[in-house]
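>>> output the structure for:
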Amino acid sequence: MKTLLVCGRFQPFHNGHLAFVSKASKMHGGPIIIGIIINSLHAASGKVQNPLGDAGDEAQTPKKNPFSIYERLACIREIVAGTDFADRCEVTAFPRPELYWELVSGICSSERVWALPGILDSFDQKKFDFYRSHGDEILSISDERFTSGTEIRRLVRSDPEKLKKLLPRPSYKLAMKHFSNVELG
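Model prediction:
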C-alpha cells in the first residue's frame, strides 16, 4: 500500500495543518507519515544547492524556526493521538526532500503519495515536478489559505486569545512557553 507523506516545518503546527492532514487522511486510506522538516540538517551541511531555488532557503533562519525538532515531534504526536487517523500515522523527523532524496527513500521505501496544497506559486509547482520526476504521486489538496506560521508567531505577543483559536492546545502551550510569560493551567 502506498504511504501518504505530509511534510513541513510546522513552526508551529496549527489548526490549518491539522485540517490539511485530516482532509488528506480521508482521501487516502493507507499509512501516513507526517514529516517534520529538519532545518538543522540543511544548516549543518553548508551551502547545498537547492534544486528548487532559494525559496526553501529563506525558511532556514532561527527566527522562522523557534521550535526544536524534539518539541515539534512531541507536540504533533500529542495532537495526532487524538485524531481518527492516529492508528495509521507516524510522526517523524524528515530531511528536506529536494536536498536529501536518498534519506527520504530510506524513511519511506514504499510507494509514496505526497499531500500538497493546490499549486499556489512557482515554488509549489517545482515541488510537484520534483516529486513526479522521482515517480511519486501527488495528492493535491485544495485548502483555504490559513494563517501562516509567521503570523501565528506574531500573535503570541499581540493577541494570545486569538492564538488559542488558531492552535491545537499542545501547540498553544509550546508557543506560549517560548514567547511569553503567560501561565498555562
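>>> what residue is smack in the middle of the protein?
Most central in the chain under Cα atoms, centre = their mean is G8, positioned 2.3 Å from the mean C-alpha point.
>>> count residues in the vicinity of the closest residue to it other than its chain neighbours, would you?
Of all residues beyond its chain neighbours, the one nearest G8 is I37 (6.3 Å), with distances taken as Cβ to Cβ, 6 or more residues apart in numbering. Where C-beta positions appear, they are placed from N, C-alpha and C, glycine not excepted. Neighbours of I37 under the rule other Cβ atoms under 10 Å: 22.
>>> check contacts around I37.
Counting by Cβ atoms under 8 Å, 6 or more residues apart in numbering, I37 makes contact with C7, G8, R9, F10, F94, P95, R96.
>>> can you tell me which of those are buried?
In the contacts of I37, burial by neighbour count holds for C7, G8, R9, F10, F94, P95, R96, counting by 16 or more other Cβ atoms under 10 Å.
>>> now for these: which two are most distant?
Put simply, by Cβ to Cβ the two of those set farthest apart are F10 and P95, 14.7 Å from each other.
>>> mind listing the strands for the protein?
Listed in chain order, the strands of the chain (DSSP state E) span residues 3-8, 32-37, 89-94, 112-117, 137-141.
>>> looking at those, which is closest to G82?
Between G82 and these, the shortest gap by Cβ to Cβ is with strand 89-94, which sits at 11.4 Å.
>>> partners of that closest one in the sheet?
According to DSSP bridges, the neighbouring strands of strand 89-94, each with its direction, are strand 32-37 (parallel).
>>> any low-confidence regions in this structure?
39-63, 119-120, 143-147, 180-185 (pLDDT under 70).
>>> show me where it has helices.
With helices called from DSSP state H, the chain shows them at 15-27, 39-44, 69-81, 101-107, 122-133, 149-158, 160-166, 169-179.
>>> in TSV, list the ones you listed along with mean neighbour count and distance to I141.
As requested, the helices of the chain are arranged in TSV below (neighbours: other Cβ atoms under 10 Å; distance: least, Cβ to Cβ, whole Å):
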stretch	mean neighbour count	distance to I141
helix 15-27	17	6
helix 39-44	15	24
helix 69-81	18	17
helix 101-107	14	20
helix 122-133	14	12
helix 149-158	16	18
helix 160-166	15	19
helix 169-179	19	20
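>>> right, and those - which one's nearest S142?
With Cβ to Cβ as the measure, helix 15-27 is the member of the helices of the chain nearest S142 (8.8 Å).
>>> then the closest one to CSV, C-alphas only?
The C-alpha atoms that make up helix 15-27 are tabulated as CSV, following Å, rounded to 0.1, in the frame of the first residue of the first chain:
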residue,chain,number,x,y,z
ASN,A,15,-5.3,24.1,13.0
GLY,A,16,-4.8,24.7,9.3
HIS,A,17,-2.1,22.0,9.3
LEU,A,18,-4.4,19.7,11.2
ALA,A,19,-7.3,20.3,8.8
PHE,A,20,-5.0,19.7,5.9
VAL,A,21,-3.7,16.3,7.3
SER,A,22,-7.2,15.3,8.3
LYS,A,23,-8.6,16.0,4.8
ALA,A,24,-5.6,14.1,3.2
SER,A,25,-6.2,11.2,5.5
LYS,A,26,-9.8,10.9,4.4
MET,A,27,-8.7,10.9,0.7
